[in-house]
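S.K.: sequence first, then the predicted structure, then my questions.
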Amino acid sequence: MADTIGSAELNAVKTPIFREVKKGEVRKHIITLTVRNELGVLARIATLIAGKGYNIEDLSVGETHEKGISRMTLEVIGDDVVIDQVVKQLRKLIDTIKVKDLTDTPHVERELALIKVHTATPRARDEVLRLVEIFRCRIVDVSPETYSVEITGTEDKVNAFIELVRPFGIKEMARTGKVAMKRESIPQEEE
Amino acid sequence: MLRKGADIVIQTLKEEGVEIVFGHPGGAIMEVYDALYRDGGIRHILARHEQGAGHMAEGYAKATGKVGVAMSTSGPGATNLVTAIADAYMDSVPVVFITGQVPTHLIGNDAFQEVDIVGITRPITKHNFLVKGIEELPLAIRQAFYIARTGRPGPVLVDIPKDITQKLSDVSIPSLEELKESLPGYRPHLEGNLQQIRKAVRLIMEAKRPVLYVGGGAVQAEAQKELVELAELMKIPVATTNMGKGAFPELHPLALHMLGMHGTYYANMAVYNCDLLIAVGARFDDRVTGKVEEFAPQAKIIHIDIDPASISKNIVVDVPIVGDVKIVLRKLLEEIKREGAKLYFPEERQKWLERIEGWKKKHPLTYRKSNTVIKPQYVIEQIYEATKGDAIISTGVGQHQMWSAMFYKYSFPRQFINSGGLGTMGFGFPAGIGAKLGRPDKEVFVIDGDGSFMMTMQELITAVQYKVPVKVAIINNGYLGMVRQWQELFYERRYSEVDLSIQPDFVKLAEACGAVGFRAEKPSEVREIIEEALKIQDRPVIMDFHVDREENVLPMVPAGKSYRDMILEDGKKAVEAETMYLVG
Ligand SMILES: Cc1ncc(C[n+]2csc(CCOP(=O)(O)OP(=O)(O)O)c2C)c(N)n1
């Protein structure tokens, strides 16, 4: 010991300051991807995210205005630092053209749901109709027993509507994943 | 001109400059083998197992820097490649794997020898694809080569259904321009941000106790000249990872040799105590960092890497620089020289180097010598001396791998070939065959464990068939040695299923295959048989060294522990006094 650290030095030695491993906040991330619409591209993306131990909470895919180019919106709940890593890994995939984490950028988010509600009584029919008007959604199918309602909006809006019609009895429901896009304007009030 | 798909495959390989292909045929790839036969322009090495073919292609790629090619049929042929694919992925080795697939109309039908190899290899390839039509075939193969060798290199798999290899087409081979256009999202970043480079320069000049931490990326980029210049100009000692060996000449006075789990005392001390760590083409693997919280605890970190996803993955860094290591180092050197290559604390820097010298003197890499029993380290030292440090060394996985990293001194990139990331037993021998075929001008030694060798030893006959004069030194301890070492140190000597004392007679095995076999049981025989082996140039040689059975690899930092917990070469739980304190 003496040959490397002198005793004078020893006294002056600092206590170790260990490197902190950064842990990020766990929250919902909205990630959008522009990808080449190649065989297996979706599987590749899903495999990558699952390989990091995360679940894709929500997913939507569709073609863009360019042929052969699709756009995906993903929602993943996870640690900020790890999600940053996932985004970087997604960027590395050969089929991805653009990857953005929109979570901290002003953006527009929409989803669509089709809800088949039990409306066997006149009271139920009136009530649901009123809700449809308030929420500005549409009835797309009618039967003596049911109304099928189409609603688009933010997740909160869709959830709110579902909660209001739930007491009537929901026979069937289908929800798309979210689609999201960066805002170009200053954030405005939603609708 | 109308050509069969199979001929297009061979033609495209030739356009890519492929001289040698490693593989094993079968039904779904037969057309390609037929085209290979008819063309006659590409050499094919018939491995006896597809895993062997895959590792040969890796060894070839690692030794030459060119893209390796391995080929197999569908189903079991393809699944036999999987270990090699994963190995290439972990070590960023550029290899194109070509697999046959059942005809298009049978895909998804559980046809004979069908397996979804694209699905299976998705997480272990840089990219992979199933060719769906003959028009796509030449582009797919060109893309595969381009993706495999550019950016952070890696394995790419191309799966080709049999009917596509049989179809006729007049599709032409695309140009580089067309190729790039077909990959709109793929743009490897090479240059390095100048702003960041300037920040790095400032940190380098201001540091009192800097250390360079060099990994496989520097070998890939062949940046030795730049590294030596940087180290000498700024007086920075250099530690390398297992994958980074040879990126910086190990006989250089600034060399600290390997760091991490089986790193040298002085490399680990230097990293533990440094105030600036410059990571170059290295990825902060857990075998290097140990407990991350206590890795280089006082240091600012600069990280140069071609892969943006490698940066701040395990450890958050202060100055990230994304780019090709060689290009970035050149720019860094330019900037340093423009600033007059000044050091802010030249005396501190000098003191730092002296301190490191002290550590080197106090705990050099060493082992307990013996006149009666062969020490594994001694075998490696003797190979080093007999080959004057100029051989390419390929290893299996285990203790012998670590001793090969420690006791052979590497002075040029691509000289040390081993399975770093996946740690694949059975890698060394076939990889050595591939390396020798790629670099016939160099002696290639495979330093293998008895356990590792047995995993791919059928390739002995391959080496005999093609007259590949690799020298195989089996460090025969009759144990799965590395596992036994862990059991000794961390499981109170409960040697569960690691005994390999029942073994084939490796000398007879060599003879049975038409190779040459030697055995050494006494230290005095070691050098002798190495010299004998070196004389043989028309066939492989097996040297069976019966070594001390319970020798350990030391120093060692137990997995997940801090450098402070390093066990030293005398077996003592060392360091107590010293690394407890940081040099201030
Ligand atoms: C394919 C594979 N299986 C298992 C392991 C786990 N493993 C790591 S080292 C080792 C023992 C290696 O024994 P040997 O090749 O004889 O080399 P030694 O350690 O004795 O030098 C084992 C089993 C591995 N790395 N690879």
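M.R.: Perfect, thanks for sending it. Numbering: from 1, shown residues only, chains lettered A, B, ... in the order given.
S.K.: wait, doesn't residue A:164 sit right on residue A:130?
M.R.: No: Residue A:164 is beyond contact range of residue A:130, at 10.0 Å (criterion: CB atoms under 8 Å). Glycine gets a C-beta too; all of them are placed from N, C-alpha and C.
S.K.: of the two, which one has the most company?
M.R.: Neighbour count, other CB atoms under 10 Å in any protein chain shown: between residue A:164 and residue A:130, residue A:164 has more, with 15 against 11.
S.K.: could I have the helix or strand containing residue A:62 exported to PDB, CA atoms only?
M.R.: Assessed by DSSP states H and E, residue A:62 sits inside strand A:56-63. Extracted as PDB, the C-alpha positions of strand A:56-63 are listed here (Å, rounded to 0.1, in the frame of the first residue of the first chain):
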ATOM      1  CA  ILE A  56     -47.600  -3.000 -25.900                       C
ATOM      2  CA  GLU A  57     -50.700  -1.600 -24.300                       C
ATOM      3  CA  ASP A  58     -52.100  -0.200 -27.500                       C
ATOM      4  CA  LEU A  59     -51.300  -0.400 -31.100                       C
ATOM      5  CA  SER A  60     -52.600   0.900 -34.400                       C
ATOM      6  CA  VAL A  61     -51.200   0.500 -38.000                       C
ATOM      7  CA  GLY A  62     -52.300   1.800 -41.300                       C
ATOM      8  CA  GLU A  63     -50.900   3.000 -44.700                       C
END
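S.K.: what comes up buried for it?
M.R.: Going by neighbour count (16 or more other CB atoms under 10 Å in any protein chain shown), the buried part of strand A:56-63 is A:58, A:59, A:60, A:61.
S.K.: please apply the same query to stretch B:461-481.
M.R.: In stretch B:461-481, counting by 16+ other CB under 10 Å, buried: B:461-464, B:466, B:468-481.
S.K.: could you list which of those also contact the ligand?
M.R.: By CB under 6 Å from any ligand atom, the members of the buried residues of stretch B:461-481 lying near the ligand are B:475, B:477, B:479, B:480, B:481.
S.K.: nearest residue to residue 103 other than its sequence neighbours?
M.R.: In the absence of a named chain, this looks at chain A. Among residues not flanking residue A:103 along the chain, residue A:29 sits closest, at 4.8 Å (CB to CB, 6 or more residues apart in numbering or on different chains).
S.K.: right idea, wrong chain: chain B
M.R.: residue B:163 (4.1 Å).
S.K.: how about that neighbour, what does it touch?
M.R.: For residue B:163, the contact set (CB atoms under 8 Å, 6 or more residues apart in numbering or on different chains) comprises B:103, B:104, B:105.
S.K.: isn't the first one right up against residue B:161?
M.R.: Spelled out, it's residue B:103. Yes: contact criterion CB under 8 Å: residue B:103 and residue B:161 qualify, at 5.4 Å.
S.K.: out of these two, which sits in the more crowded spot?
M.R.: Between residue B:103 and residue B:161, residue B:161 has the larger neighbour count (other CB under 10 Å), namely 24 against 17.
S.K.: who's in contact with the more buried one?
M.R.: By CB under 8 Å, 6+ apart, residue B:161 lies in contact with B:28, B:100, B:101, B:102, B:103, B:104, B:107, B:130, B:131.
S.K.: who's it bridged to?
M.R.: Listed beta-bridge partners, residue B:161: residue B:101 (assigned using DSSP bridges).
S.K.: for chain B, which spans come out with low pLDDT?
M.R.: B:571-584 (pLDDT under 70).
S.K.: same thing but 90
M.R.: Residues of chain B meeting the criterion pLDDT under 90: B:1, B:184-185, B:187, B:189, B:287, B:290, B:292-294, B:310-316, B:362, B:560-584.
S.K.: with that, I have no additional questions.
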